[in-house]
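**Q** Turn this into a model:
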Amino acid sequence: MATAPNPPSQYMRRVHRGRVAFQTRRGRNIVMKWPRKRGPSGTPAQLQARADFTRMVRAVQDMLPEDHSAAHDLAAGCDYTWRDVLSRVVTGQFIVMDNWLMTTIPFYLDAISDVVGALLVRTPDGWVGLLPGDEAQALRMTDGLPAWGEAPGSAIDILVNGDVPVGIMVAPDGSIVGVPL
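**A** As a prediction, this is how the structure comes out:
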């Protein structure tokens, strides 16, 4: 951007149209590069990302001074700046700490069951540990929940008795192949 001593004539404006723009701002004649056309506004994902970033910046600006000081304290012991900390808090990505998952998750799983071979099962009352069954038992569904029960016999016994459990696959030679996925 440069200043010009006199306003350009109409002829000069037409000759340089598309290359140079002439304006008068606050009584000064200004010559500047012609504004470039902007490309398309962006894909829907890009527009959403811009809107999310705008909301994040506003949320960080509107935080209380206590939040800013806490962010400064948290940033002191890691590789993030205080702005990074606040941005991660606003976007819900703050829990990224070194070895946090490696130490915390096993602790909570061991609180549910620390028996080797136990399975984690979700019941209406919450998460429980299903202890390992005996060698001759199989995992079956009982009232919508997994439980250890009597293992089915050979495929021949199942076919003779006629009680083939749903999902069991039997090979032509009479052996149990498995459960389809």
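
**Q** what sits up against whatever helix or strand Trp148 lives in?
**A** Per DSSP states H and E, Trp148 falls inside strand 145-150. Residues from elsewhere that reach strand 145-150 (CB atoms under 8 Å, 6 or more residues apart in numbering): 119, 121, 123, 130, 133-134, 136-142. (C-beta placed from N, C-alpha, C; glycine too.)

**Q** Recalculate using a threshold of 6 Å.
**A** Here strand 145-150 makes contact (CB atoms under 6 Å, 6 or more residues apart in numbering) with 121, 133, 137, 139-140.

**Q** List buried residues within those residues.
**A** Gly133 (16 or more other CB atoms under 10 Å).

**Q** Cross the contacts of strand 145-150 against strands and list the overlap.
**A** In strands, defined here by DSSP state E, the members of the contacts of strand 145-150 are 121, 137, 139-140.

**Q** Check those and tell me the two furthest apart.
**A** Val121 and Gln137 (15.4 Å; CB to CB).

**Q** just the strands in this protein please.
**A** According to DSSP E, the strands that the chain contains are 2-4, 20-25, 28-33, 119-123, 126-130, 137-142, 145-150, 169-170, 176-178.

**Q** ok, the third one: who's next to it in the sheet?
**A** The reference is to strand 28-33. Paired with strand 28-33 in the same sheet, following DSSP bridges, are strand 2-4 (antiparallel), strand 20-25 (antiparallel).
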